Every structure is written in C-alpha cells, then in structure tokens.
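[1] Structure, please.
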Amino acid sequence: MTASNLVVPIVVWGRTAPTHCVASILMTSDMKKVVTGCNDGQICVWDILDNWQVHPQNMLFGHSTAVNCLAMGSHHPDHSHLISSSDNGEMCLWDLQDGRCIENVKTSNVHTSIQVFIISINGPWISLITSPCSRINCCRAEMCA
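    Numbers count the residues shown, from 1 in each chain. The predicted structure follows:
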C-alpha cells in the first residue's frame, strides 16, 4: 500500500467518551487498558487511570459486523498486539501503540474464543487457536515487530 492509498480515520471526542453497545471486553494483564468490541464493528481502547477512572485512548476501525472476540497477541513494553474477531469471520491483528491494523483475514467460521501462542519454527509466528472449530490460524510475528 502506498502513502497515497493510505486512509487514516481520525476520531475527535468531546468532553465525554463515546458510547457503544459492547459485545466483547478484554483487560490487559497489567490492568492498564481495557479494550471493548462493539456491535457495529468498532473497537475502543481505554486507559485505566490510577484512580480507576476510564479514559478513551483510541478507536480502531476494521470490522464491518459485531466484534465478538478479543485476545492479546503479545504484551511487552515495546509493542502490544490485539487480535479481534467478528460475526462474519473477519480476524484482525492490531498494533495497540498506534492503532494500526497489521493483518486482516476473512475466515469461513465465526470465532467465539481465541487462544494465543507465540511459537518459533524457522522464524517467529503467532499461532491462534480459535473456537468453536479448534482451527489454527497463523500470522508472521515479524509483521508485529
């Protein structure tokens, strides 16, 4: 994709955070972020402040139907990656640092849970085991670096 084809959505919030009908929710292991997937396909990343107040950080656009499944692909200081799946079988790999969709794939199944494993056989890969069909989907981890 060239820079001339790149479309970056910009979300401007007022004094209050956006509201949306939550279909899925995930808290990062460090308890500093909450990610919500909603019925219209949007994903919202929220910062959890020291006093447990929630502050909107980013809105991710990449799904066209309800986001029913969220999982962390990796979580370390340099990069945090999120995997999302929607009602029509779309799966996205996101960079939570900048909100960029790194990889998008359309599968023939609707996934209700995702288990993530980082493996290395001739190079690092992120392997995703998804339900209900116990299908294994892989993406190249170097795309996440």
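
[2] avg pLDDT for the helix or strand that contains I83?
    Secondary structure assigned from DSSP states H and E places I83 in strand 80-86. The pLDDT scores in strand 80-86 average 86.

[3] C-terminal to it, what's the next element?
    By DSSP H and E, the next helix or strand past strand 80-86 is strand 90-95.

[4] quick one, that following strand and strand 80-86 angle?
    Angle of strand 90-95 versus strand 80-86, following axes from the mean of the first three to the mean of the last three Cα atoms, to 10 degrees, is 170 degrees.

[5] Show the subsequent helix or strand relative to strand 90-95.
    strand 100-106.

[6] Please identify the buried residues of that next one?
    Buried residues in strand 100-106, counting neighbours by 16 or more other Cβ atoms under 10 Å, are found at C101, E103. The way it works is simple: take the backbone N, C-alpha and C, and place the C-beta from them, glycine included.

[7] partners of that strand, with directions?
    Each strand paired with strand 100-106, and its direction, by DSSP bridges: strand 90-95 (antiparallel).

[8] could I get the partner strand in CSV with only the CA atoms?
    The C-alpha trace of strand 90-95 is given here as CSV (Å, rounded to 0.1, in the frame of the first residue of the first chain):
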residue,chain,number,x,y,z
GLU,A,90,-13.1,-11.4,10.0
MET,A,91,-9.9,-11.5,12.1
CYS,A,92,-7.6,-8.6,12.6
LEU,A,93,-4.2,-8.2,14.2
TRP,A,94,-3.7,-4.7,15.7
ASP,A,95,-0.8,-2.7,17.0
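
[9] Quick check: mean pLDDT of it?
    The model assigns strand 90-95 a mean pLDDT of 86.

[10] try stretch 29-46
    pLDDT averaged over stretch 29-46 gives 90.

[11] how long is it from one end to the other?
    Taking Cα to Cα, to the nearest Å, the first and last residues of stretch 29-46 lie 14 Å apart.

[12] neighbouring contacts of it?
    Applying Cβ atoms under 8 Å, 6 or more residues apart in numbering, the set of residues contacting stretch 29-46 from outside is 17-18, 20-28, 47-48, 54-70, 72, 75, 80, 82, 84, 86, 94, 96, 99.

[13] This completes my enquiry, with thanks.
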